[in-house]
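Chemist: only geometry, no sequence info:
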């Protein structure tokens, strides 16, 4: 699996609800993701790459919670019929988990999109501690 972060020009902020339709921005986003995906799949030895995950450059891949953020995006930030793409040979898959730009045009319209839900760090620490002390003992 390869994780790529990219900056979508005029893309929405993850910290704010995205309400306004932006047909030009949405079309540019689709084009940018398509170009990036195709460029990566054309690289030498890319046949060994089965999963490509593209997200916004606001994600710090070196952060302790990077995996949690990526998993959240993988499961919550895309529409299967719009944001999953296959290579021409159908042997590789790409997830577009960039923050969606609302649009009524294109193959699949994009509805307004909510901001990322961030939890209070104290609450997150309590949940993590509970998980470590309780849930892991169940396994």
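Modeler: Sure, I can see it. Small disclaimer: the values here were computed from a predicted structure and weren't measured.

Chemist: Let me know how buried residue 105 is, in neighbour terms.
Modeler: 13 (other C-beta atoms under 10 Å). Every residue, glycine included, has its C-beta placed from N, CA and C.

Chemist: try residue 18
Modeler: Neighbour number of residue 18 under other C-beta under 10 Å is 20.

Chemist: does it have beta-bridge partners, and which?
Modeler: On the basis of DSSP bridges, residue 18 is bridged to residue 113.

Chemist: I figured it hits residue 101, correct?
Modeler: Yes: the pair residue 18 and residue 101 qualifies as a contact (C-beta atoms under 8 Å) at a distance of 6.8 Å.

Chemist: Quick check: neighbours shared by the two?
Modeler: Contact criterion C-beta atoms under 8 Å, 6 or more residues apart in numbering; residues shared by residue 18 and residue 101: residue 12.
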